[in-house]
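> please work out how this folds:
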Amino acid sequence: MWADLFKIVIFISLATIASLQADNEVDSTSYRRYNDMTNFLEHFATKCPSIMRLYSIGQSVKGRNLWVMRVTDHPTIQEQGEPQIRYIGNMHGNEAIGRQLLLNLVEYLCNSYGNDSSMTELVNSVDLHILPSMNPDSFEDAVIGDCAHGQRRRTSFNANGVNLNGNFKSDSTVLEPETKAVIGWIQANNFLLAANFHSSQMGVEYPFDAAMSEGGYNPTSFDLVYRHLARVYSNQHPTLKLGIKCDHHHGFTGGYGNGAEWYARDGTLSDYTHRYSNGFELSVQLSCCRFPPPGPILLEEWNNNKESLIALAEESRKALRGNVGHLVKKVNREKDAGISNAMVQVDGMVRIFRTSQNGDYWIPLLPGIWKITASAPGFYPSTQTVHVIDSTDNELDFVLMPQWPRLAPLLASHAEPIEDFESHDHSNLTSLLMEMTLIENCQKVAQVYTIGQSVDGRQLFVMEFSNTPGVHLPETPEVKLIGGIDGDDSVSTETLLAFARYLCINYEKDAQVNMLVNTTRLHLLFSANPDRHTPGHDGNGNANKVNLNENFPDEKYGNPNQPIQPETDAIIRWTNSIPFTLSVNIQGGHMDVVYPRTVDYTPSKSQSPRFKFYQQRLAKVYQKQQHNVDRSQCSNDNILTSELLGIEPAGISRNTMLDWNLDHTDCIEFAIGVSCEKDAAGDRMKQIWESNKNALLAIIWESHRGIYGTVSDITSNKPISNAVVKVIDHQTMG
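Numbers count the residues shown, from 1 in each chain. Below is the predicted model:
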């Protein structure tokens, strides 16, 4: 049979062969034994040094180098964003076609670079590693023309008589030198796509190769992706896609199929790649003949496989790619801002992908809408949705925020402390704000503006801190902190003034302050009720003796007919003019963390839909960071939990700022009690500030949590204002 086959092959058009050689595409007239192959690879590494580097990943049983040719536009460095590809030939010593094809590929890419625009673009875009011979010892002994099994164990297995494609077992006590070398190579890199080439059958196999207990088809969770990749290779090949049957094995329908369904076996390289790396590997069965004679048939094999080899490499450019970055390092523009070994997972898939040393990841996905989550120990996870299309433009980056216990030591504070705590009436407050704006560092990041006036015409001053003052930037959270809403509460005003002074004098000096200001837009309203401390204005109300914290519109539960005070109106207009993410109402007189609702004591009615978020995240974050506080001194506080629904300790309140934010804005607001007393100065005020400083920093960091993005018109790509974004369902973790 094989003699008849060779007679047919020998009559391949000599004109075609001559044409290939005339174009200097490849020289495939003969096989190359080890020494000749080494010289061949060294020659092309020298001929094309700008795109090729030859290196060895180890040695065979008999000490032969396992040569790899790296092909990319910068072969001495790892470029960020370039997918790595791995091709392996000659795993079985007497299966020679794959070895020859990969040598042809090296020659073809060298000769094509700079002359063929598509090949130049491919080389510039990927990082291809080619191992032509994984089993050089047995190839030296293999017999040309041995198409069937022949002396299989001696020339197919390695020099120790071991089948290398059954040696990649997690429980194997003896790994062959060649196996160890390839495993080390895989673990040292972040290969996305891979293929190993064989002969004796015709078709493209994909994992799993190992059988299930009941036998038959054994798919991975990425079965559709594997089938697509296998189909890409097969469809470009003129004969593989025909599903030709070789001897006793059944053929592959369409030229590709599941390894376990075709021929189940354990310890294969493809299964190892899937289980223990980020890669997707195919096993390509090229021919019914293991070691056909040289000459026309080798040129024909090159013709048949060239486009498939290129097409599979091109698929790596369509994969979803991105970087998982460290928020702190990115803001500080550090070079190593990527998080290595971070976990990236596709929703609904079991497999976890790990980022490279510089934080890059790649996942081949079919076109569609996918939900992706990135996570790393010590960081808050981030989940985003991406629309993958059939192109090279699939990119999704993540920036993870360190959890505060990890962030605080990372940004070890060297800030100057705040001294000289005095009480400030409105006149003194105005003077202090003007003085702060004259501080050199403060001028770069701060501005003072007013949102309106009080009943008596006093300005409601706000101090903004941002590295772009006055400008809202996409993906930058806006946070407001409000003090002095009660007329008899000076502690909250002094706390915010201390915070402003702290930011001013420590910007560009302290890492924590830099990080906060450079990534967040902060707005500090020091006194929402500045008419306090004036004759006739005693108590907690404004100049009209109205409690401002019970003056916000509440159509559902409150008094709809009460007149809105000037201070309340100013806060409402201010809140509606800026897309605030988080709002904190600083208060003296208690040490609780209070969140909506405040209208009914019954838990089923008082708990807002976001109750768990308030309780488990915001309230606890703040209280865990408070230092040296004794809540038992506050007679009205609930000292058991100190995380309140807003209805304790004072009972039901209506028309509150908390509930108004919940019902009318996208802003999450809660009230923080910073001390038992409402009025303090000197050393006592300094103690209150020091007890709450870290807690303020920590709670502001919480504004960076969650998901964010832009709603855009799919045709014009322009942002859509006032679009509605809903959370359809959620699952709480931890």
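
> mind listing the strands for the stretch 351-500 of the chain?
Per DSSP state E, counting those that start in this stretch, the stretch 351-500 of the chain carries strands over the ranges 352-354, 360-363, 368-375, 382-388, 398-400, 446-453, 459-465, 478-482.

> indicate which one of those strands is closest to residue 88.
strand 360-363 (19.1 Å; C-beta to C-beta). From N, CA and C alone the C-beta is placed, and that goes for glycine too.

> give the partner strands of the closest one in its sheet and their orientations.
Using DSSP bridges, the strands paired with strand 360-363 in its sheet are strand 320-326 (antiparallel).

> just want the angle from the partner strand to strand 382-388.
When axes from the mean of the first three to the mean of the last three C-alpha atoms, to 10 degrees is applied, the directions of strand 320-326 and strand 382-388 differ by 160 degrees.

> how about the CA coordinates for strand 320-326, as CSV?
Only the C-alpha atoms of strand 320-326 are listed here, as CSV (Å, rounded to 0.1, in the frame of the first residue of the first chain):
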residue,chain,number,x,y,z
LEU,A,320,-9.2,38.5,25.2
ARG,A,321,-6.2,40.1,26.6
GLY,A,322,-5.5,42.6,29.3
ASN,A,323,-3.5,43.5,32.4
VAL,A,324,-4.3,43.2,36.1
GLY,A,325,-2.8,46.2,37.7
HIS,A,326,-2.0,47.5,41.2
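
> and that strand with strand 368-375, angle?
Strand 320-326 and strand 368-375 are oriented at 20 degrees to each other (the same axes, to 10 degrees).

> mean confidence for strand 320-326?
Averaging pLDDT along strand 320-326 yields 94.

> residue 73: neighbouring residues, count only.
Neighbour count of residue 73, defined by other C-beta atoms under 10 Å: 16.

> what's the answer for residue 31, then?
By the criterion of other C-beta under 10 Å, residue 31 has 20 neighbours.

> and what of the one 3 residues further on?
By other C-beta under 10 Å, the residues close to residue 34 number 17.

> so what's it closest to, chain neighbours aside?
Of all residues not flanking residue 34 in the chain, residue 136 sits nearest, at 5.0 Å (C-beta to C-beta, 6 or more residues apart in numbering).

> over to residue 47?
Residue 47 sits nearest to residue 110 (C-beta to C-beta, 6+ apart), 5.9 Å away.

> state the helix or strand in which that neighbour lies.
helix 97-112 (DSSP states H and E).

> can you give me the pLDDT of residue 370?
Looking at residue 370, its pLDDT reads 96.

> ok, it touching residue 344?
No. Counting by C-beta atoms under 8 Å, residue 370 stays clear of residue 344, with 11.3 Å between them.

> quick one, what contacts the nearest residue to residue 134 once chain neighbours are set aside?
Setting aside the residues directly before and after it, residue 134 is nearest to residue 91 in space (C-beta to C-beta, 6+ apart), at 4.6 Å. By C-beta atoms under 8 Å, 6 or more residues apart in numbering, residue 91 lies in contact with 134, 135, 164, 165, 196, 197, 198, 269.

> closest one to residue 222 out of those, please.
residue 269 (17.0 Å).

> distance of the closest one from residue 110?
As for residue 269, its distance to residue 110 is 27 Å (criterion: C-beta to C-beta, to the nearest Å).

> neighbour count: the two, which is higher?
residue 269 (26 against 20).

> spell out the residue ranges of the helices in the stretch 101-250 of the chain.
Listed in chain order, the helices of the stretch 101-250 of the chain (DSSP state H, counting those that start in this stretch) span 117-125, 136-141, 152-155, 177-188, 223-235.

> comparing these by mean pLDDT, which bottoms out?
Per-stretch mean pLDDT for the helices of the stretch 101-250 of the chain is lowest at helix 152-155 (a mean of 68).

> for stretch 237-256, output the C-alpha coordinates as CSV.
Output in CSV follows, covering the C-alpha atoms of stretch 237-256 (Å, rounded to 0.1, in the frame of the first residue of the first chain):
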residue,chain,number,x,y,z
HIS,A,237,-5.6,22.0,5.6
PRO,A,238,-6.7,20.5,2.3
THR,A,239,-6.8,16.9,3.5
LEU,A,240,-7.2,16.9,7.3
LYS,A,241,-10.7,18.3,7.0
LEU,A,242,-11.7,15.3,4.9
GLY,A,243,-11.7,13.0,8.0
ILE,A,244,-9.4,10.4,6.3
LYS,A,245,-9.2,7.1,8.2
CYS,A,246,-5.8,5.5,8.8
ASP,A,247,-5.7,1.7,9.5
HIS,A,248,-7.5,0.6,12.6
HIS,A,249,-8.4,4.0,14.0
HIS,A,250,-11.6,5.8,13.0
GLY,A,251,-11.3,9.1,11.3
PHE,A,252,-12.2,12.5,12.7
THR,A,253,-15.4,14.0,11.4
GLY,A,254,-14.4,17.4,9.9
GLY,A,255,-10.8,16.6,10.6
TYR,A,256,-10.9,17.2,14.4
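
> tell me which residues are up against that stretch.
Under the contact criterion C-beta under 8 Å, 6+ apart, stretch 237-256 has outside partners 148, 200-206, 227, 230-231, 233-235, 262-263, 286, 288, 304-305, 307-308.

> tell me which of residue 370 and residue 344 has more neighbours.
Per other C-beta under 10 Å, whichever of residue 370 and residue 344 has more neighbours is residue 344, with 23 against 20.

> quick one: secondary structure of that one?
strand (DSSP: H, G, I helix; E, B strand; the rest coil).

> list the residues that contact it.
Taking C-beta under 8 Å, 6+ apart, one finds 324, 352, 353, 354, 355, 361, 363, 372, 373, 374, 398 in contact with residue 344.

> got the residues you listed as a markdown table, with distance to residue 247 columns?
Below are the contacts of residue 344 laid out as a markdown table (distance: C-beta to C-beta, whole Å):
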| residue | distance to residue 247 |
| --- | --- |
| 324 | 48 |
| 352 | 40 |
| 353 | 39 |
| 354 | 41 |
| 355 | 45 |
| 361 | 42 |
| 363 | 38 |
| 372 | 45 |
| 373 | 47 |
| 374 | 48 |
| 398 | 50 |
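
> drop anything exposed from those residues.
Buried by 16 or more other C-beta atoms under 10 Å: 324, 353, 355, 361, 363, 372, 374, 398, out of the contacts of residue 344.

> so which of those residues comes closest to residue 294?
Lowest distance from residue 294 to the buried ones among the contacts of residue 344 (C-beta to C-beta) belongs to residue 363, with 40.6 Å.

> right, and that closest one touches residue 319 too?
Yes. With contacts counted by C-beta under 8 Å, residue 363 reaches residue 319, the gap being 6.0 Å.

> if you compare the helices of the stretch 101-250 of the chain, which one is most tucked away?
Neighbour counts (mean count of other C-beta atoms under 10 Å) averaged over each of the helices of the stretch 101-250 of the chain peak at helix 136-141, with a mean of 22.

> and residue 390, how many neighbours?
Using other C-beta under 10 Å: residue 390 sits among 9 other residues.

> over to it: give its phi and psi.
Backbone torsions for residue 390, taken as degrees, to the nearest 10, come to phi -80, psi 70.

> check contacts around it.
Applying C-beta under 8 Å, 6+ apart, we find residue 390 in contact with 318, 367.

> swap in residue 158?
Going by C-beta under 8 Å, 6+ apart, the list of residues near residue 158 reads 60, 61, 93, 135, 137, 138, 164, 176, 178.

> from residue 133, how far out is it?
Relative to residue 133, residue 158 is positioned 11 Å away (C-beta to C-beta).
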